[in-house]
Each structure stands twice: as C-alpha cells, then as structure tokens.
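Q: I'll drop the sequence and a predicted model, then ask my questions.
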Amino acid sequence: MSSLQSAAGFEEVMRNSDERRRIAIIYTHLPHYRKPVFSELGSSSHFNFSFYYDVRGVDPTIRSEKLDGTGHHIRTLTLGGLMFQPGIFSACIRDDFDCYIFLGNPHIVTTWLLMPILRLRKKKVAFWTHGWIRRERGLKRWLRNKFYHQADMLLLYSNRAKELGLASGFSEEQMEVIYNSLDYPTQKAQREARCGHSNDKGVPYFLCVSRLVPNVEIDLAIEAMAVLAIEPGLACELIVVGEGPERAALELQAEQLRAHVRFLGAIYEEERLAELFMNCVAVVSPGKVGLLAMHALAYGAPVITHGDLDQQMPEVEAIIPGRTGQFFQRGDVKELAASMQRYLLIEHGETQRREAIEIIEKHWTPSAQRQLVEQAIDRLLTGRSA
C-alpha cells in the first residue's frame with residue numbers, strides 16, 4: 001500500500017488477527033534521531049518488532065540511543081569503508097522471524113552474505129534505505145542495483161527515490177515510500193506550549209543546526225552574512241548550533257569576514273531547540289539538507305537550501321519554494337544572500353507556518369512512518385497489492 005489513505009482498512013484486517021508476526025529490524029547502530037520511530041514500531045499492535053544494533057554507536061559525531069526491551073546488541077565492526085555484523089547470523093539462521101528489515105547500506109558485507117541464507121529459508125527481506133539520490137553510472141550504479149535486488153522490497157525515504165528506482169529498472173511492487181521522521185510528538189508539545197506567547201526576538205537571526213562537517217557548507221552561510229552586512233538597514237545575525245571538525249575554521253572565517261555569527265555548540269535539549277526554531281527568520285542549510293528540514297518545518301520555520309536535487313537528501317522533498325522554504329543555485333553566495341534577504345524583508349506569516357506543519361504531519365512523523373511500514377510489511381507477507 002502506498003499511502004495512508006488505506007490505513008483504516010488495514011487496521012481492521014490486523015485487528016482480526018490474534019497473532020502478531022515477528023519482524024527483525026537490523027541496523028548498524030541506533031542514532032538518536034531514529035529512536036522515536038523505532039519506539040513507535042516497538043509499540044505496534046500488529047507486528048512484534050525486534051531491533052538489532054550496536055549500542056556503542058559507529059560514528060562519534062552521531063549520538064547513539066538504546067531501546068528498552070526490544071533492543072538487542074550486536075557488534076558492528078569497521079574496516080576501511082566496509083562494515084561487518086557477525087553477531088546477526090544467529091538471528092537470521094536460528095530465530096523464526098517472518099520478515100527481516102536491514103539497513104540498506106551496500107557497504108555492510110554481512111548483509112550480502114546473509115541474503116542467500118534467508119532465500120533458502122524462504123524469508124522475506126526488506127531494505128530500509130534512502131535509495132537513489134541521483135542518477136548513477138558505471139560500477140557504482142551496477143553495485144547499488146545489484147545490492148537492492150537482493151531484497152524483496154525497498155522502504156524508501158522519498159518519492160524522488162522511487163522515481164529514480166523506476167528509471168533504474170525496479171518495479172512499483174518492489175518499492176514503498178515510508179518517508180522519514182524525528183520526535184514529532186515532543187516537537188508538537190514544545191510548539192504548542194509556546195503558541196500565543198509574546199516574545200521579544202531581539203536582533204533577527206538565521207539558524208543553522210548541523211554537525212560541523214564540510215558537506216554542510218556553513219562557510220557559504222557565513223559568506224552570505226558578510227554580503228548582508230553591507231546592506232543598509234538589514235541588521236541580523238547567524239546562529240550556528242552544532243559541533244564538529246570544522247568549527248575552528250568556521251569561527252576564524254566569521255572573525256575575518258566580520259560577519260555576525262554566534263556558535264552555540266551542540267544542543268540536544270528540545271526545549272532550547274524549540275525556542276531557536278520558533279523565533280528564527282529562517283533555517284539555512286547551504287549544503288545538503290536532511291532531517292534538519294523535518295525539524296525546522298515541525299516548528300513552522302522555513303528552510304533555505306540549494307535546489308540541485310542530485311546533490312540533496314530525500315527530506316528536501318518537504319520544501320516547497322515560496323511556501324515552506326526557498327531554493328538558491330548551489331554554491332552561489334550572492335543568491336543565497338538574496339534568499340535570506342527576502343525573508344528579512346517579508347515576514348513568514350502564520351499561513352505559511354501552518355502549511356509547513358501540515359506537510360510534516362501528513363507524512364514525516366513517527367506515527368505516519370509506523371503505519372506505512374506496517375502496510376508495506378503486510379503487503380510483502382501477504383502478497384496483497386495496493
């Protein structure tokens with residue numbers, strides 16, 4: 001099933017079943033942003049989900065979480081750009097799961113090795129993956145498509161990924177769009193707690209929230225701030241939330257350009273983030289934008305990012321130019337500054353903020369994802385088509 005419109009009928013079918021089928025979800029680790037949807041799946045009344053991941057994490061720049069009760073630790077070993085999960089063989093060979101959902105990363109060698117075993121056991125397999133971001137050629141295209149063909153179904157983040165999958169020779173039946181999400185219930189509670197409260201925002205500010213790594217290209221936002229600084233009557237500043245290896249270089253750049261930039265470091269407390277999102281002029285992500293788009297739009301904050309979709313993440317799909325955000329030409333500092341200037345001169349009204357929130361509530365929440373994942377698994381196990 002491809003949309004939430006059929007959820008009611010699916011719920012009725014599942015209520016008539018006395019036994020929940022067992023589903024294993026296998027990740028390398030549990031990043032903090034994935035915990036809400038995993039917790040939502042863990043509370044499913046339709047399927048019995050078990051989660052396998054390395055509780056230590058695999059990336060020092062991404063905070064890891066743990067699940068109570070449904071989480072199982074398996075080590076993830078790394079060698080160069082490859083990963084291995086030897087502990088998962090036991091669950092795939094001996095445990096009696098009805099379906100296995102793997103993180104769809106072709107660099108996980110053990111996933112390749114397990115596919116023939118699961119086929120012999122006649123088990124259904126899905127890959128949870130962002131899928132295709134851009135059209136690929138050569139060896140990379142062959143390798144990705146070969147890997148994706150190991151699964152019975154791909155659970156994709158965006159409609160664009162599905163379109164690119166169709167262009168790569170995959171069928172409609174092999175793909176389901178399940179979107180992505182953050183902790184929307186908490187964000188909604190924080191947003192509603194602040195509604196109607198007057199707040200002195202002080203100097204207008206743009207907001208960047210990200211790990212400080214090169215591909216986020218915060219240096220472009222700092223350059224754009226220097227461009228805005230020469231415009232008369234446009235007092236504003238840039239607030240940067242996050243830590244990473246680029247912080248020292250970015251601070252030096254801001255100092256040399258005399259740009260009004262504040263670095264607040266990493267902030268994980270949603271109460272503090274809510275305040276920043278709700279009072280900013282707009283969120284700026286000069287490089288690719290991913291889950292930040294979900295976070296910003298959940299508070300009604302517009303997002304400015306580049307419009308080169310081949311160099312973007314799936315979540316960019318939620319940005320509608322002129323309504324929930326703005327695109328500029330990738331790498332063009334002057335056009336980025338012009339986009340920021342438009343938001344300084346024209347206030348982003350309540351109608352636009354409401355539209356941003358409605359887009360998130362339609363697809364990009366843990367609850368919406370749970371329903372879509374449940375529908376996809378049901379179709380995979382029963383063979384029912386949408």
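A: All right, it came through fine.
Q: neighbouring strands for the strand or helix carrying residue 304, and are they parallel or not?
A: For residue 304, the element it lies in under DSSP states H and E is strand 303-306. If you go by DSSP bridges, strand 303-306 pairs up with strand 282-285 (parallel), strand 325-328 (parallel).
Q: tell me which of those is the most buried.
A: Neighbour counts (mean count of other C-beta atoms under 10 Å) averaged over each of the strands paired with strand 303-306 peak at strand 282-285, with a mean of 27. C-beta here means a position set from N, CA and C on the backbone, and glycine is covered the same way.
Q: so which of the strands paired with strand 303-306 is nearest residue 28?
A: strand 282-285 (24.8 Å; C-beta to C-beta).
Q: could I have that closest one exported to PDB, CA atoms only?
A: Extracted C-alpha coordinates of strand 282-285, given in PDB (Å, rounded to 0.1, in the frame of the first residue of the first chain):
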ATOM      1  CA  ALA A 282      14.600  31.100   8.600                       C
ATOM      2  CA  VAL A 283      16.700  28.000   8.800                       C
ATOM      3  CA  VAL A 284      19.700  28.000   6.400                       C
ATOM      4  CA  SER A 285      21.400  24.800   5.100                       C
END
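Q: okay, strands next: where are they in the stretch 101-250 of the chain?
A: 124-128, 153-156, 175-177, 205-209, 237-241 (DSSP state E, counting those that start in this stretch).
Q: how about these in TSV, adding mean neighbour count, mean pLDDT and distance to residue 352?
A: Shown next, in TSV, are the strands of the stretch 101-250 of the chain (neighbours: other C-beta atoms under 10 Å; pLDDT from 0 to 100; distance: least, C-beta to C-beta, whole Å):
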stretch	mean neighbour count	mean pLDDT	distance to residue 352
strand 124-128	21	97	32
strand 153-156	24	98	28
strand 175-177	21	97	25
strand 205-209	22	96	16
strand 237-241	21	96	21
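Q: quick one, which of the ones you listed gets closest to residue 223.
A: Closest among the strands of the stretch 101-250 of the chain, using C-beta to C-beta: strand 237-241, at 10.6 Å.
Q: sheet partners, orientation included, of the closest one?
A: strand 205-209 (parallel), strand 261-265 (parallel).
Q: nearest to residue 370, of these?
A: Closest to residue 370 of the strands paired with strand 237-241 is strand 205-209 (C-beta to C-beta; 25.4 Å).
Q: what stretches of the stretch 201-350 of the chain score poorly on pLDDT?
A: Within the stretch 201-350 of the chain, the segments meeting pLDDT under 70 span 201, 232-233.
Q: if we use 80, what do you get?
A: Applying pLDDT under 80 to the stretch 201-350 of the chain picks out residues 201, 230-234, 347-349.
Q: quick one, helices of the stretch 1-150 of the chain?
A: 7-15, 35-42, 88-93, 109-120, 138-148 (DSSP state H, counting those that start in this stretch).
Q: winner for burial among the ones you listed?
A: Highest mean neighbour count among the helices of the stretch 1-150 of the chain (mean count of other C-beta under 10 Å): helix 35-42, with a mean of 21.
Q: elements contacting it?
A: Packing partners of helix 35-42 (3 or more C-beta pairs under 8 Å, 6 or more residues apart in numbering; DSSP states H and E): strand 47-54, helix 184-194, helix 366-382.
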